[in-house]
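A.B. asks: Model the structure of this input:
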Amino acid sequence: MSEYYDYIKALHLIFIITWFAGLFYIVRLFIYQIEASQKPSPDKEILGEQLAIMAKRLWNIITWPSAILTLILAPTLLYLRPHLFQLPWMHVKLGFVVLLYIYHLKCHQIFKQLQRNEIKYSSNFMRLFNEGATIILFSIIFLVIVRHQLNWIFGVLGIISFSVILMILVKIYKRYREQQ
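C.D. replies: Presented below is the predicted three-dimensional model:
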């Protein structure tokens with residue numbers, strides 16, 4: 001089965017990419033749904049219904065299947081190359097993967113709420129929440145690519161700095177939108 005390692009790895013990467021695409025876009029749809037709920041009728045109903053359909057299709061046809069296939073393929077890769085599980089960077093990466101699945105489950109909770117027309121978060125909160133997947137993506141990619149050269153202290157400081165810069169940019173964008 002080890003001769004199929006590269007094929008399994010390619011599929012794993014494809015499903016990671018489609019999973020992240022789904023996570024990035026679903027939160028944008030959440031933002032649009034929340035903002036549509038504040039519009040007057042009939043825009044509120046028309047937009048709300050269309051956005052709910054789009055979110056349902058994205059979540060059930062792309063995002064969840066990609067997350068599940070990623071979860072199936074990852075242990076297969078570790079089974080074929082068990083030495084990877086012994087490396088410290090892999091443990092840190094798997095920690096970020098756990099955070100990603102927690103983020104995914106939180107998105108699922110928000111998705112279910114919005115499908116029932118329950119608005120519990122502001123669009124500004126969702127804009128900040130959307131950066132969670134970005135931070136996790138950056139963390140995982142840097143761990144995988146520079147695993148042996150990574151100085152953990154600088155890596156953690158870099159991720160924290162990146163997060164702070166993202167939050168500042170979101171606030172600047174919010175001010176810009178309010179002025180328009």
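
A.B. asks: how about the helices in this protein?
C.D. replies: Along the chain, counting by DSSP state H, helices occupy 5-36, 43-57, 64-80, 88-115, 123-145, 152-179.

A.B. asks: Pull the distance from the longest one to the chain's centre.
C.D. replies: In terms of C-alpha atoms, centre = their mean, to the nearest Å, the centre of helix 5-36 is found 7 Å from the chain centre.

A.B. asks: For Tyr173, list the residues it contacts.
C.D. replies: Arg127 (C-beta atoms under 8 Å, 6 or more residues apart in numbering). To be clear about C-beta, it is placed using only N, CA and C from the backbone, and glycine gets the same treatment.

A.B. asks: ignore the last one, Lys39
C.D. replies: Leu47.

A.B. asks: how close does it sit to Met90?
C.D. replies: Between Lys39 and Met90 the computed distance is 47 Å (C-beta to C-beta, to the nearest Å).

A.B. asks: ok, now Gln179?
C.D. replies: 46 Å.

A.B. asks: Same drill for these two, tell me which one is more crowded.
C.D. replies: Met90 (17 against 6; other C-beta atoms under 10 Å).

A.B. asks: okay, now the closest residue to the more buried one other than its chain neighbours: neighbour count?
C.D. replies: Leaving out its chain neighbours, the residue that sits closest to Met90 by C-beta to C-beta, 6 or more residues apart in numbering is Leu84, at 5.3 Å. Taking other C-beta under 10 Å as the criterion, the count of residues near Leu84 is 13.

A.B. asks: next one: Pro42
C.D. replies: So Pro42, with other C-beta under 10 Å, has 8 neighbours.

A.B. asks: do Ser37 as well
C.D. replies: Ser37: 17 neighbours (other C-beta under 10 Å).

A.B. asks: just Leu13 next, same as before
C.D. replies: Neighbour tally, Leu13, other C-beta under 10 Å: 12.

A.B. asks: now do Asp43
C.D. replies: Neighbour tally, Asp43, other C-beta under 10 Å: 11.

A.B. asks: got the contact list for it?
C.D. replies: Ala36.

A.B. asks: do you know how far the residue nearest to Met90 is from Phe20?
C.D. replies: Counting by C-beta to C-beta, the gap from Leu84 to Phe20 is 21 Å.

A.B. asks: Now the most centrally placed residue in the chain. Nearest residue, chain neighbours left out?
C.D. replies: Closest residue to the average C-alpha location of the chain: Ala133 at 3.5 Å, with C-alpha atoms, centre = their mean. Sequence neighbours aside, Leu23 is the residue nearest to Ala133 in space, at 4.6 Å (criterion: C-beta to C-beta, 6+ apart).

A.B. asks: Alright, I will stop here.
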